[in-house]
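J.: Based on what follows, work out the 3D shape:
(one chain, ligands or ions: 2)
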Amino acid sequence: MTVNASIDAGGDTWRSLPAAQQPEWPDPEALRDVVADLASYPPLVFAGECDVLRARLGAVAKGEAFLLQGGDCAEAFDAVGADQIRNKLKTLLQMGAVLTYAAQVPVVKVGRIAGQYSKPRSKPTETRDGVTLPTYRGDSVNGFEFTAEARVPDPQRLKRMYQSSASTLNLVRAFTTGGYADLRQVHAWNQDFVKSSPSGQRYEALAREIDRALAFMAACGADPAEFRTVEFYASHEALLLDYESALTRVDSRTGQLYDVSGHMVWIGERTRQMDGAHIEFASKIRNPLGVKLGPNTTPEEALAYIDRLDPDREPGRLTFVVRMGADKVRDKLPTLVEKVTASGAQVAWVCDPMHGNTFEAASGHKTRRFDDVLDEVKGFFEVHHGLGTHPGGIHVELTGEDVTECVGGGDEIFVDDLHQRYETACDPRLNRSQSLDLAFLVAEMYRG
Ligand SMILES: O=C[C@H](O)[C@H](O)COP(=O)(O)O
Ligand SMILES: C=C(OP(=O)(O)O)C(=O)O
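T.: Numbering: from 1, shown residues only. Ligands and ions are numbered 1, 2, ... in the order given. Predicted structure coming up:
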């Protein structure tokens, strides 16, 4: 991989276009210095891994696999500890085990992890008790604390984003290949608070069945290497284009551009303007791409994204992450799926049941109802079953901790509980037992 060659290869063409949701860095010189340093840092992922993920997502697009993509709404620099990373990972491993065993489909596991530090916001400022300050845009930009000093965008944070992503990825790689993710550890992932929850107990029963299946296979002399490690990929929203393009390099094998800040990147609902900088940037890189599609997306737009981002119609290149809201998905999604399918393009369709279902509780907490999340996934499956297309996966905001941010679930959280452990820096996440609940219900829908 070479660094400056990226500009010659078109990695900077986005700069002449309007870029939504970029911070107002107070000192452009300081930003330039940081970007120059970042451009000299080693890649966080290898382009070949991005190619493997594209092939895995190709299987999703063709209806042969299911995508499980999940993690924090916003990662935080002070949460790059072994416990937090392990808890997130084991939540995804447990969900993956449930989906693989109960739905009997290969599951592609992708974290919103090791790079999800930047947030697009609805409003540029936030007012509390008559004081108005710039809004928090993620740890990569400014501080969460509500003080004038913390809220000033600081480009040095982009370096911390790189370092935090690197440490996280390093530990994730160690866990997923070093024995922790061995399928024989299915019981070990079900520890602490989740074990006694209804979903934890249901999971324990499923883990016993997996044990019996493994023992049977071992008795037959089969001990496949696939059971000992897990393929796991990192993804985040490609929001801060100065950061993403500093990490965009020419692959020495192919001469093509890859954003080596993560395996997969997506363009969010607020930055997907067809003639904007984000889509231009995405069109230049070879990583598998996601585009979030909200309820106002037209079929013409969806087809234009395909022409722009997947001109070769390569299954796995483009994933549409639909986030319409439980009340709209049944009305709005069918035409999109019909028109895209009729065009012959093979995109992966994935349901994000979080971002269209947020509301503010009377206590002021931003929250989501588990039942709405579930209903949007149900609507998504209904639409695909009705059209004979493939419901390719789910994209969820979750954490491995016992937080109280979303209401409902088998181990029910009530609106009055929200204050107990409300820890997200931005949007509410499913806790581990709600995430497991969701995995069981999605597995049932998939088989159904
Ligand atoms: O996570 C997604 C967005 O950043 C978030 O939904 C925006 O939230 P806001 O409306 O509080 O700005
Ligand atoms: C901001 C996000 O979602 P959306 O772009 O769909 O609102 C997100 O997934 O963090």
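
J.: Show me what from the chain comes close to ligand 1.
T.: Residues of the chain lying near ligand 1 by C-beta under 6 Å from any ligand atom: Cys73, Lys119, Pro120, Arg121, Ser122, His355, Cys426, Asp427. C-beta: built from backbone N, CA, C; applies to glycine.

J.: Next up, the contacts around the last one.
T.: For Asp427, the contact set (C-beta atoms under 8 Å, 6 or more residues apart in numbering) comprises Cys73, Ala74, Met354, His355, Thr358, Lys366, Glu397.

J.: Could you identify which of those has the most neighbours?
T.: Using other C-beta atoms under 10 Å as the neighbour criterion, Glu397 leads those with 27 neighbours.

J.: Let me know the secondary structure of that one.
T.: Three-state call for Glu397 (DSSP: H, G, I helix; E, B strand; the rest coil): strand.

J.: returning to what we had before: tell me the one of the residues of the chain next to ligand 1 nearest Val407?
T.: Using C-beta to C-beta, Asp427 is the member of the residues of the chain next to ligand 1 that lies nearest Val407, at 13.9 Å.

J.: three-state assignment of the closest one?
T.: coil.

J.: Near ligand 2, which residues of this protein are found?
T.: Proximity of the chain to ligand 2, by C-beta under 6 Å from any ligand atom, involves residues Cys73, Pro120, Glu237, Gly268, Glu269, Arg270, Lys292, Arg323, His355.

J.: Quick one: the residues of the chain next to ligand 1 as JSON lines, columns for pLDDT and secondary structure too.
T.: Output for the residues of the chain next to ligand 1, formatted as JSON lines (pLDDT from 0 to 100; DSSP: H, G, I helix; E, B strand; the rest coil):
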{"residue": "Cys73", "pLDDT": "97", "secondary structure": "coil"}
{"residue": "Lys119", "pLDDT": "98", "secondary structure": "coil"}
{"residue": "Pro120", "pLDDT": "98", "secondary structure": "coil"}
{"residue": "Arg121", "pLDDT": "98", "secondary structure": "coil"}
{"residue": "Ser122", "pLDDT": "96", "secondary structure": "coil"}
{"residue": "His355", "pLDDT": "98", "secondary structure": "coil"}
{"residue": "Cys426", "pLDDT": "95", "secondary structure": "coil"}
{"residue": "Asp427", "pLDDT": "96", "secondary structure": "coil"}
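
J.: Looking at those residues, spot the one nearest ligand 2.
T.: His355 (4.1 Å; C-beta to the nearest ligand atom).

J.: right, and that closest one touches Arg323 too?
T.: Yes. Using C-beta atoms under 8 Å, His355 is in contact with Arg323, at 4.1 Å.

J.: Now for Val403: which residues touch it?
T.: Each residue near Val403 by C-beta under 8 Å, 6+ apart is listed here: Arg421, Tyr422, Glu423, Thr424, Arg429, Asn431.

J.: Thr399 now?
T.: Gly71, Asp72, Asn87, Lys88, Thr91, Glu423, Thr424, Arg429, Leu430, Asn431, Arg432.

J.: What about the fourth one, how many residues nearby?
T.: Okay, so that is Lys88. Lys88 has 27 nearby residues by other C-beta under 10 Å.

J.: Identify each buried residue in the helix or strand containing it, please.
T.: In the assignment (DSSP states H and E), Lys88 maps to helix 82-103. By 16 or more other C-beta atoms under 10 Å, the buried positions in helix 82-103 come out as 84-103.

J.: Would you pull up the residue in this protein closest to ligand 2?
T.: Closest approach between the chain and ligand 2, counting by C-beta to the nearest ligand atom: Gly268, at 2.9 Å.

J.: what's the span of stretch 118-131 from first residue to last?
T.: Stretch 118-131 has an end-to-end distance of 24 Å (C-alpha to C-alpha, to the nearest Å).

J.: Oh, that last question was meant for stretch 210-226, not what I typed.
T.: 15 Å.

J.: pLDDT below threshold where in this protein?
T.: 1-4 (pLDDT under 70).

J.: For Arg157, which non-adjacent residue is spatially closest?
T.: Ser140 (5.3 Å; C-beta to C-beta, 6 or more residues apart in numbering).

J.: was I right about that neighbour contacting His236?
T.: No. Using C-beta under 8 Å, Ser140 is not in contact with His236, being 9.9 Å away.

J.: Identify the contacts common to the two.
T.: Both Ser140 and His236 are contacted by Tyr117, Ser118, under the criterion C-beta under 8 Å, 6+ apart.

J.: can you map out the helices along the stretch 101-250 of the chain?
T.: Here the stretch 101-250 of the chain has its helices, by DSSP state H, counting those that start in this stretch, at 156-177, 198-219, 241-246.

J.: Which residues belonging to the second one are considered buried?
T.: Which is helix 198-219. Ser199, Gly200, Arg202, Tyr203, Leu206, Ala207, Ile210, Leu214.

J.: With the last one instead?
T.: Within helix 241-246, the residues scored as buried using 16+ other C-beta under 10 Å are Leu241, Asp242, Tyr243, Glu244, Ser245, Ala246.

J.: Closest residue of the stretch 251-400 of the chain to ligand 1?
T.: Closest approach between the stretch 251-400 of the chain and ligand 1, counting by C-beta to the nearest ligand atom: His355, at 5.8 Å.
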